[in-house]
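> turn this into a model:
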Amino acid sequence: KRDPGAYRAIAETIGLPSRKIAFLSDVEAELDAAWETGMRTVWILRDKEPVGASRHPRAPDFNAVNLDALGR
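Below you'll find the predicted structure:
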């Protein structure tokens, strides 16, 4: 799902504006597509080390994500 249209369809299907949805993934290209639609995003790194800058907040796993701290 690297096409922003897929994330627009998800938002429409669940009946929420994109800005109310948090999308978590370990694939940066998917996060980029979701972010383009206005979704809040978190890059789940799992056992990977962060490389370079990113517009997506990062977390080592799902339990470390603080949804209240996500902006947008």
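
> which outside residues touch stretch 59-72?
Contacts with stretch 59-72, where a contact means C-beta atoms under 8 Å, 6 or more residues apart in numbering, come from 19, 22, 24, 38-40, 42-46, 57. Bear in mind the C-beta positions are built from the backbone N, C-alpha and C, glycine included.

> most neighbours out of those, which is it?
residue 39 (24 neighbours; other C-beta atoms under 10 Å).

> could you dump the contacts of stretch 59-72 into CSV with secondary structure, distance to residue 66 and pLDDT added?
Shown next, in CSV, are the contacts of stretch 59-72 (DSSP: H, G, I helix; E, B strand; the rest coil; distance: C-beta to C-beta, whole Å; pLDDT from 0 to 100):
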residue, secondary structure, distance to residue 66, pLDDT
19, helix, 17, 94
22, strand, 10, 95
24, strand, 12, 96
38, coil, 20, 96
39, coil, 16, 96
40, strand, 11, 95
42, strand, 9, 95
43, strand, 14, 94
44, strand, 13, 95
45, coil, 15, 92
46, coil, 18, 81
57, coil, 9, 92
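
> can you redo these as a markdown table with distance to residue 68?
What follows is those, written out as a markdown table (distance: C-beta to C-beta, whole Å):
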| residue | distance to residue 68 |
| --- | --- |
| 19 | 15 |
| 22 | 10 |
| 24 | 15 |
| 38 | 18 |
| 39 | 16 |
| 40 | 11 |
| 42 | 12 |
| 43 | 18 |
| 44 | 17 |
| 45 | 20 |
| 46 | 22 |
| 57 | 12 |
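
> farthest-separated two in these?
The most widely separated members of the contacts of stretch 59-72, counting by C-beta to C-beta, are 19 and 46 (26.4 Å).

> against which helices or strands is whichever helix or strand residue 35 is part of packed?
Assigned by DSSP states H and E, residue 35 belongs to helix 28-36. Contacts defined by 3 or more C-beta pairs under 8 Å, 6 or more residues apart in numbering; DSSP states H and E place helix 28-36 against helix 4-14, strand 22-25, strand 40-44.

> now do the longest one: distance to the chain's middle.
Distance, stretch centre to chain centre, for helix 4-14: 13 Å (C-alpha atoms, centre = their mean, to the nearest Å).
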